[in-house]
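Colleague: Kindly generate the corresponding structure for this input.
(one chain, ligands or ions: 1)
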Amino acid sequence: TVTSSVGNTDEKVKEDEDLRKDSSTGATSLNDVPTLAFPSISTSDFQFNHEKASDIIVEKVEEFLNKVGNARLVLVDLTAGSRILTSVKVKAAQRSIDSNKFFTLVGDITQLYTKGGLRCNVIANVANWRLKPGGGGVNAAIFSAAGPDLEIATKKQAGSLSPGSALTVPLPSNSPLYKKEGVTHVIHVLGPNMNPQRPNYLNNDYDKGCTVLREAYSSLFEGFASIVR
Ligand code: AR6
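Modeller: Reported below is the predicted structural model:
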């Protein structure tokens with residue numbers, strides 16, 4: 001109707017204005033939209049095929065955005081040369097996914113606000129099955145930035161994670177990641193492993209691998225949806 005389209009236009013204009021405002025003014029801004037920042041699951045240490053992974057990311061993002069209205073998803077990687085970011089960006093544009101609700105970003109997932117000005121209240125951690133700190137990759141970075149509180153809060157909830165599943169952990173408010181970055185929850189997720197040196201190796205079985213990767217994104221996005229609701 002005319003009314004709703006006028007409403008939408010006004011909202012868009014307001015959002016654009018808010019985007020330009022300095023966050024220090026405390027004004028309502030796009031930084032208040034619930035936002036999940038997530039790394040690409042399994043495509044680095046776990047050696048999952050990038051083409052297949054990027055198809056699944058775009059498919060799952062689209063599915064989530066059709067279900068949950070007021071939330072944003074941001075796929076993050078460390079370098080501008082990231083093949084997974086490039087591939088996902090192209091495929092998301094081909095599917096006409098709303099770029100206000102889903103976009104890719106180059107940066108360290110533990111410093112998106114302090115270094116980039118983007119507030120993400122939830123971040124995903126690509127964990128190991130023991131839910132232990134360290135081991136490199138994004139897991140080491142997140143546990144290190146969050147401090148010992150994250151390990152304690154995680155342990156209270158579970159001792160391990162199976163491939164395809166996720167665990168939402170509210171971050172204690174004295175964690176540096178909470179205080180500096182505004183991260184209120186970390187969602188640990190475990191993806192399929194195609195690296196023979198790591199546990200639960202799938203021996204190049206991409207039927208199983210793609211199923212588990214889809215499950216991992218579903219579990220992650222469902223965890224985020226329960227925080228948003
Ligand atoms: N910020 C943003 N993205 C990052 C960061 C960071 N600080 N660090 C890495 N990435 P990986 P996997 C990107 O290897 O393949 C872990 O040690 C990276 O470039 O962390 O699922 C766990 O403990 C890549 O695009 O996860 C598991 O044992 C993505 O994050 C195992 O590795 C995922 O890379 C899981 O392997």
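Colleague: In contact with the residue nearest in space to the middle of the chain, which residues?
Modeller: Nearest to the mean C-alpha position of the chain, by C-alpha atoms, centre = their mean, lies residue 38 at 1.9 Å. Residues in contact with residue 38 (C-beta atoms under 8 Å, 6 or more residues apart in numbering) are 73-76, 109, 123-124, 220. C-beta here means a position set from N, CA and C on the backbone, and glycine is covered the same way.
Colleague: confidence score at it?
Modeller: Looking at residue 38, its pLDDT is 98.
Colleague: just checking, which of the contacts of residue 38 belong to helices?
Modeller: residue 220 (DSSP state H).
Colleague: What parts of the protein come near the ligand?
Modeller: Counting by C-beta under 6 Å from any ligand atom, the residues of the chain close to the ligand are 39-46, 76-78, 84, 108-110, 126-128, 135-139, 141, 191.
Colleague: May I have the phi/psi pair for the residue in the chain positioned nearest to the ligand?
Modeller: As assessed by C-beta to the nearest ligand atom, the ligand sits closest to residue 137 within the chain, at 2.3 Å. The phi/psi pair for residue 137 (degrees, to the nearest 10) reads phi 60, psi -160.
Colleague: Just give the closest residue to it, not the sequence neighbours.
Modeller: Once flanking residues are discounted, residue 137 sits nearest to residue 45: 5.2 Å by C-beta to C-beta, 6 or more residues apart in numbering.
Colleague: list the contacts for the one you found?
Modeller: Residues near residue 45 by C-beta under 8 Å, 6+ apart: 136-137, 195, 198.
Colleague: Now, of those, which are buried?
Modeller: Applying a neighbour-count criterion of 16 or more other C-beta atoms under 10 Å, the buried members of the contacts of residue 45 are residue 137.
Colleague: This structure: strands as residue ranges?
Modeller: In the chain, the strands defined using DSSP state E lie at 35-39, 72-77, 102-106, 122-126, 166-170, 185-189.
Colleague: out of those strands, which comes closest to residue 64?
Modeller: Closest to residue 64 of these is strand 72-77 (C-beta to C-beta; 6.6 Å).
Colleague: Name the strands paired with that closest one and say parallel or antiparallel.
Modeller: Using DSSP bridges, the strands paired with strand 72-77 are strand 35-39 (parallel), strand 102-106 (parallel).
Colleague: Out of those strands, the one nearest residue 88 is which?
Modeller: Smallest distance to residue 88 across those (C-beta to C-beta): 5.9 Å, for strand 102-106.
Colleague: what does the closest one contact?
Modeller: With C-beta under 8 Å, 6+ apart as the test, strand 102-106 has contacts from 37, 61, 65, 72-80, 82, 85, 88-89, 92, 112, 116, 118.
Colleague: tell me, how many neighbours does residue 173 end up with?
Modeller: 9 (other C-beta atoms under 10 Å).
Colleague: Please apply the same query to residue 130.
Modeller: The burial count assigned to residue 130 is 12, neighbours taken as other C-beta under 10 Å.
Colleague: Same question for residue 157.
Modeller: By the criterion of other C-beta under 10 Å, residue 157 has 12 neighbours.
Colleague: Equivalent analysis for the one 3 residues further on, please.
Modeller: A count of nearby residues for residue 160, using other C-beta under 10 Å, gives 13.
Colleague: same thing with residue 177?
Modeller: Per other C-beta under 10 Å, the neighbour tally for residue 177 reads 24.
Colleague: Tell me how far residue 127 lies from residue 196.
Modeller: Applying C-beta to C-beta, to the nearest Å, the value for residue 127 to residue 196 is 20 Å.
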